[in-house]
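Chemist: give me a 3D structure for the following:
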Amino acid sequence: MTEGDFGLGPSLRRARQDARQSLTAIRSQTGLSTSYLSQLEAGQISRPGRDKLALLAPAYGLSYDLLMTLAQHTPRNEARLMAKLPAFILEASEVLGREEWDLLQTMVGYLVKKKLATSEQ
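Modeler: Residues are numbered from 1 along each chain as shown. Okay, here's the model as predicted:
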């Protein structure tokens with residue numbers, strides 16, 4: 001398997017095939033055209049909007065958060081938490097070098113996701 005096998009389109013196609021559903025069945029559940037769904041599964045559309053992901057998640061039997069991640073969207077609650085970062089962290093962007101800043105962002109992102117996962121349980 002390649003990295004592309006784990007993208008949004010291939011993941012949707014696998015989920016649909018595993019559930020033995022047709023594109024027509026997904027269309028009737030979502031209201032999205034079979035042409036759009038086919039393009040999505042083929043990877044020709046890689047970043048559908050949040051509204052479309054909300055329709056797709058239950059139809060494909062996948063979580064909305066997973067589809068958000070595969071489509072490279074930042075979940076709204078994660079963005080909200082990031083906006084509440086203390087000023088000293090935001091000010092660090094002016095002092096730290098690029099590599100240090102990237103590491104800090106990675107660490108904060110990890111902690112935010114960990115907190116979100118804990119609060120959802």
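Chemist: make it CA atoms for all contacts and neighbour counts henceforth
Modeler: Noted.
Chemist: show me how the chain divides into domains.
Modeler: 3-70, 76-120 (automatic domain parsing).
Chemist: show me what contacts residue 23?
Modeler: 34, 37, 38 (C-alpha atoms under 8 Å, 6 or more residues apart in numbering).
Chemist: list buried residues within those residues.
Modeler: Taking 16 or more other C-alpha atoms under 10 Å as the criterion, what is buried in the contacts of residue 23 is 34, 37.
Chemist: so how far is residue 101 from the residue of the chain positioned farthest from its centre?
Modeler: The C-alpha centroid of the chain is most remote from residue 95, which lies 31.1 Å away (C-alpha atoms, centre = their mean). From residue 95 across to residue 101, the span is 9 Å (C-alpha to C-alpha, to the nearest Å).
Chemist: and the closest residue to residue 30 other than its chain neighbours, what element?
Modeler: Leaving aside its sequence neighbours, residue 30 sits nearest to residue 55 (C-alpha to C-alpha, 6 or more residues apart in numbering; 5.4 Å). Element membership of residue 55, judged by DSSP states H and E, is helix 50-60.
Chemist: next, the buried residues of whichever strand or helix holds residue 11.
Modeler: For residue 11, the host element (DSSP H and E) is helix 8-18. Residues of helix 8-18 classed as buried under the neighbour-count rule (16+ other C-alpha under 10 Å) are 8, 9, 10, 11, 12, 13, 15, 16.
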